[in-house]
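Asker: Turn this into a structure:
(chains A and B)
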Number of protein chains: 2
Amino acid sequence: MRMLINVPETVVADALRGMAAAHPELSVDVENRVIVRRDAPVAGKVALVSGGGSGHEPLHGGFVGPGMLSAACPGEVFTSPVPDQMARAAAAVDSGEGVLFIVKNYTGDVLNFDMAAELAEDEGVRLAKVLVNDDVAVTDSLYTAGRRGTGATLFVEKIAGAAAEEGAPLERVEAIARQVNQNSRSFGVALSAGTTPAKGSPTFDLPSGELELGVGIHGEPGRERRAMMTSREIADFSVNAVLEDLPPTGPVLVLVNGMGATPLLELYGFNAEVQRVLIERGVAVARTLVGNYVTSLDMAGCSVTLCQVDEELLRLWDAPVQTAALRWGR
Amino acid sequence: MRMLINVPETVVADALRGMAAAHPELSVDVENRVIVRRDAPVAGKVALVSGGGSGHEPLHGGFVGPGMLSAACPGEVFTSPVPDQMARAAAAVDSGEGVLFIVKNYTGDVLNFDMAAELAEDEGVRLAKVLVNDDVAVTDSLYTAGRRGTGATLFVEKIAGAAAEEGAPLERVEAIARQVNQNSRSFGVALSAGTTPAKGSPTFDLPSGELELGVGIHGEPGRERRAMMTSREIADFSVNAVLEDLPPTGPVLVLVNGMGATPLLELYGFNAEVQRVLIERGVAVARTLVGNYVTSLDMAGCSVTLCQVDEELLRLWDAPVQTAALRWGR
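Answerer: Below is the predicted model:
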C-alpha cells in the first residue's frame, strides 16, 4: 500500500474537489461527477462529452476545455460512469447544435452511454455517438467485445474537438471523430501491475522481470507474457503490431503514452526507439506527443498509438487547445 | 526491474534523442547534452540556464522555451552535469545581455556551476547565479550543505523566465529569481523509493506501509519515518511544515507535485486536502498547479511548494510560457 488517499470510497470525490480548486476555468460538479468547461454551452457550437472509469487521468477530465471536450464524466475507479452523469453533462453543454458522445469500447461504458443517449434525446438533445476501439492487441477482452479503446481517445477528442470549436455541424464532427478512430491503432505494454484503491494490491499478477505485451488499460491480459525486453525490443514489437494492422499510406501522429509509473526519462528514451522503427519502416511522422495521458493508475509501462492524418486532420490537431493536460496555440 | 530502457549507460542519451524527435522547437545536442530553445540567442534578452542530474523530468529540459529557460543541461541520473555543459549552454544562448544560472543546492551542482561560471566569464559572458534551497525538511543532507533545492525551482525558472522574456536586465532577472526562492518553501513525502537504472533496485529501503516525511528528490532521508498516513494527515503535516518556516503575509502559488509514480487521481485528491489546510490557516491561494513536475524517477509520493507572491510576481507567473511541460498564454 503506497497510495496517497484518505479512504477508497472518497478517492474520486476527493480528486474532483482538488481539480475544482486547481482549475477555476472548469465547472466541477463534485456531487454529480461532471466536469464542464465553464463557458458551456457555447452558442452555435456542437458539444463533445466523454467519460469512463477513473484511474486513467488526465483522461478525460484533463481534456475538458476550449478546442477539446465540453464535459467529462468520471466513474468510480475502472468503472463506467452512470447514464445520469452523461445525460446531465449533455444537458449542461448542449447549445442546440447537438452533442457527440465519445465512448471507449468497454461493455459498461457502451451500455451506459447508450442509455444516457436515450435520456438526453428524450430531453430534446440531438445526439451522436462514436466508439473508440483502437487497441490491436486482442479482440474481446475482460470488459470488451471487440477491440478496446485506449490511446486513440486522445486523438479523437482533440481533433473532433477542434472541428467543433470551428463551428462544424454535428454530422461533420461525428464523421471526423469516426475517421480519426478508423485511422488510429494502439498497442500497450505493462512492466508492472497497477493498484486500485479498493483492492489495495496489484490488479493482476506480473512477476518481477516479466512484461505483458498487449496489456489493456485496466490490466486486461494481452497477447503474451515474456521475460523483460529492452526498450528497443518493446518498440519493435509494439510499432510492428500497430503497422501490421494499419499500414499507413501517409504521415502519422505518434502518441508515446506512459501508463502512470514509468518516468518521463524512460518514455522519451522509448520514443527514440519508436521513431527509429518508424524511420526503418518508411513511415513519415507529422507530430509526436510523449507523456502520461491515458494511464492505468500506477502501472509501469507504455503504449504507442499511431493516427494517420491528411492535411485537414493535421490542421485540426495543430489547432489551439486549452485544457488542463493538453494546451497549445492561442 | 521494471524499467523501460536499453542499458543503463545510454538512458540519458536515449532520452535526449527521443526529446529531439518530439520537440522540433528545441535544439537538442545529444552528444554534449545541452537542450536549447531553437531561436536562441534572442537579441536583447537575458538568458536563463539551468540543469542538474537526470531523473527529475520534466525538470529541467521540459522547461526550456519562450518565457522560461533558454537552455538546460542534464547530467547522468542523479548526478550533476559537468561544467563544460553549462559553459557551452551559456555560450549558445548569450545575446550579450548576460546569463543567469539557476542552481539547485546540491554540492555537485554548486561546484560545477561555479566552475562553469568561470569558464563562461573567461569567454566574456556576463554571469549571475541564483541558488534554489527551498526544502524545509532538513538542513544538510546526503548531497547538500544547507537546504535542498526542490519544487521552488519551477517557480524560479518560470517567473524569472517571464521577466527575462519581457526584456528585464540581468540584475533585475537575478533579483526576481532570488526573491522567488526566498518566498518559496517545500516539503516532500515518499510512499515508495525510486529505482535508478544503474542500481536496478530501490535507492533506499522503505518498507511497505511506511512513509518518509521530508524526503529529498534523490531519496535523501527526511525528518522521520512513520506508518502510512492518510492524504489528509500528510497534507496537514506537509503544509504546516512549510507554513511554520514561512508564514505568508499575502497570497501564494501552490505546487502540488508528484514524485513520479503517484497517479494524477491521487495528486488531485491530495490537492483538495492541501487547499483545506490553507483555508484553515487563512492563507489565500492565487494559483494552483498539480502534476508531475519535479520528480524522482518512479518514486511514489508528493511534495508541496508554496511561493508567496505580490502583484508583480503573480503577473510574471501568469505571463505566457511555451515549453514541453508548462504552456499557457500566447
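Asker: give me the number of residues near residue A:222?
Answerer: Residues near residue A:222, counting by other CB atoms under 10 Å in any protein chain shown, number 21. Glycine gets a C-beta too; all of them are placed from N, C-alpha and C.
Asker: can I see the domain layout of chain A?
Answerer: With domains defined by automatic domain parsing, chain A comprises A:10-182, A:184-317.
Asker: what's the span of the first one, first residue to last?
Answerer: Going back to what we said before, that points to domain A:10-182. This stretch, domain A:10-182, spans 37 Å end to end (CA to CA, to the nearest Å).
Asker: what's the average pLDDT for that domain?
Answerer: The pLDDT scores in domain A:10-182 average 97.
Asker: ok so, going back, any chance of the domains of chain A in CSV with distance to residue B:174 as columns?
Answerer: Putting these into CSV (distance: least, CB to CB, whole Å) gives the following:
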stretch, distance to residue B:174
domain A:10-182, 30
domain A:184-317, 29
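Asker: Those domains into JSON lines, with extra columns for distance to chain B?
Answerer: Below are these laid out as JSON lines (distance: least, CB to the nearest CB, whole Å):
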{"stretch": "domain A:10-182", "distance to chain B": "3"}
{"stretch": "domain A:184-317", "distance to chain B": "3"}
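Asker: For residue A:275, list the residues it contacts.
Answerer: For residue A:275, the contact set (CB atoms under 8 Å, 6 or more residues apart in numbering or on different chains) comprises A:254, A:285, A:288, B:17, B:18, B:21.
Asker: How about the last one: what's its closest non-neighbour residue?
Answerer: If you skip the residues right next to it in sequence, residue B:21 has residue A:275 as its closest partner in space, 4.4 Å away by CB to CB, 6 or more residues apart in numbering or on different chains.
Asker: what helix or strand is the one you found on?
Answerer: Per DSSP states H and E, residue A:275 falls inside helix A:264-280.
Asker: follow-up on the earlier one: go through the contacts of residue A:275 and name the one nearest residue B:321.
Answerer: Relative to residue B:321, the closest of the contacts of residue A:275 is residue A:288; by CB to CB it sits at 20.5 Å.
Asker: I'd guessed that closest one sits against residue A:271; true?
Answerer: Yes: the pair residue A:288 / residue A:271 is scored as a contact, 6.6 Å apart, by CB atoms under 8 Å.
Asker: Which of these two has more residues huddled nearby?
Answerer: Using other CB under 10 Å as the criterion, residue A:288 and residue A:271 rank with residue A:271 on top: 29 against 20.
Asker: Distance check, that one against residue B:12.
Answerer: The spacing between residue A:271 and residue B:12, counted by CB to CB, to the nearest Å, is 14 Å.
Asker: which residue packs closest to the residue positioned nearest the centre of chain A, ignoring adjacent ones?
Answerer: A centroid search over chain A (CA atoms, centre = their mean) returns residue A:153, at 3.9 Å, as the residue closest to the centre. Spatially, and ignoring its direct neighbours in sequence, residue A:153 is nearest to residue A:132 (4.9 Å; CB to CB, 6+ apart).
Asker: And the helices in the stretch 201-330 of chain A?
Answerer: For the stretch 201-330 of chain A, the helices defined by DSSP state H, counting those that start in this stretch occupy A:231-245, A:264-280, A:311-318.
Asker: would you list those helices in a markdown table and tack on mean pLDDT and distance to residue A:125?
Answerer: Formatted as a markdown table, the helices of the stretch 201-330 of chain A follow (pLDDT from 0 to 100; distance: least, CB to CB, whole Å):
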| stretch | mean pLDDT | distance to residue A:125 |
| --- | --- | --- |
| helix A:231-245 | 98 | 35 |
| helix A:264-280 | 98 | 39 |
| helix A:311-318 | 98 | 24 |
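Asker: Deepest-packed of these, please.
Answerer: The highest average neighbour count among the helices of the stretch 201-330 of chain A, using mean count of other CB atoms under 10 Å in any protein chain shown, belongs to helix A:264-280 at a mean of 24.
Asker: That helix to helix A:231-245, inter-axis angle?
Answerer: Per axes from the mean of the first three to the mean of the last three CA atoms, to 10 degrees, the angle that helix A:264-280 makes with helix A:231-245 is 50 degrees.
Asker: buried set for stretch A:278-296?
Answerer: Buried residues in stretch A:278-296, counted by 16 or more other CB atoms under 10 Å in any protein chain shown: A:278, A:283, A:285-296.
Asker: Stretch A:261-278: how far from the chain's middle?
Answerer: Here the centre of stretch A:261-278 is set off from its chain's centre by 19 Å, with CA atoms, centre = their mean, to the nearest Å.
Asker: Alpha carbons of it, in PDB - could you do that?
Answerer: As requested, the backbone C-alpha atoms of stretch A:261-278 are provided in PDB (Å, rounded to 0.1, in the frame of the first residue of the first chain):
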ATOM      1  CA  ALA A 261       4.600   5.000 -13.100                       C
ATOM      2  CA  THR A 262       7.100   5.000 -15.900                       C
ATOM      3  CA  PRO A 263       9.400   8.000 -15.700                       C
ATOM      4  CA  LEU A 264       9.300  10.600 -18.400                       C
ATOM      5  CA  LEU A 265      13.100  10.000 -18.800                       C
ATOM      6  CA  GLU A 266      12.300   6.400 -19.900                       C
ATOM      7  CA  LEU A 267       9.300   7.500 -22.100                       C
ATOM      8  CA  TYR A 268      11.500   9.800 -24.100                       C
ATOM      9  CA  GLY A 269      14.100   7.100 -24.400                       C
ATOM     10  CA  PHE A 270      11.300   4.800 -25.700                       C
ATOM     11  CA  ASN A 271      10.200   7.400 -28.100                       C
ATOM     12  CA  ALA A 272      13.700   7.400 -29.700                       C
ATOM     13  CA  GLU A 273      13.200   3.700 -30.400                       C
ATOM     14  CA  VAL A 274       9.700   4.200 -31.700                       C
ATOM     15  CA  GLN A 275      10.900   6.900 -34.100                       C
ATOM     16  CA  ARG A 276      13.700   4.600 -35.200                       C
ATOM     17  CA  VAL A 277      11.300   1.800 -36.100                       C
ATOM     18  CA  LEU A 278       9.000   4.300 -38.000                       C
END
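Asker: Please state the offset of stretch A:182-200 from the chain centre?
Answerer: Taking the mean of its C-alpha atoms, stretch A:182-200 sits 12 Å from the chain's own mean (CA atoms, centre = their mean).
Asker: Sort out which residues of it are buried, please.
Answerer: By 16+ other CB under 10 Å, the buried positions in stretch A:182-200 come out as A:183-197.
Asker: so what's in contact with residue A:288 and residue A:271 at the same time?
Answerer: Contacts common to residue A:288 and residue A:271, judged by CB under 8 Å, 6+ apart, are A:254, A:256, B:21, B:22.
Asker: OK, contacts around the last one?
Answerer: By CB under 8 Å, 6+ apart, the contact list for residue B:22 reads A:256, A:268, A:271, A:288, A:289, A:290, B:324.
Asker: In strands, which of those fall?
Answerer: Applying DSSP state E to the contacts of residue B:22, the entries found in strands are A:256, A:288, A:289, A:290.
Asker: Okay, and the beta partners of the third one?
Answerer: Each beta-bridge partner of residue A:289 is listed here, defined by DSSP bridges: residue A:255.
Asker: Between the contacts of residue A:275, which sits nearest residue A:235?
Answerer: The nearest member of these to residue A:235, counting by CB to CB, is residue B:18 at 10.3 Å.
Asker: these two touch, right, residue A:107 and residue A:144?
Answerer: Yes: in terms of CB under 8 Å, residue A:107 counts as a neighbour of residue A:144; the distance is 6.4 Å.
Asker: who has more neighbours, these two?
Answerer: For the pair residue A:107 and residue A:144, the greater number of neighbours falls to residue A:144 (23 against 14), based on other CB under 10 Å.
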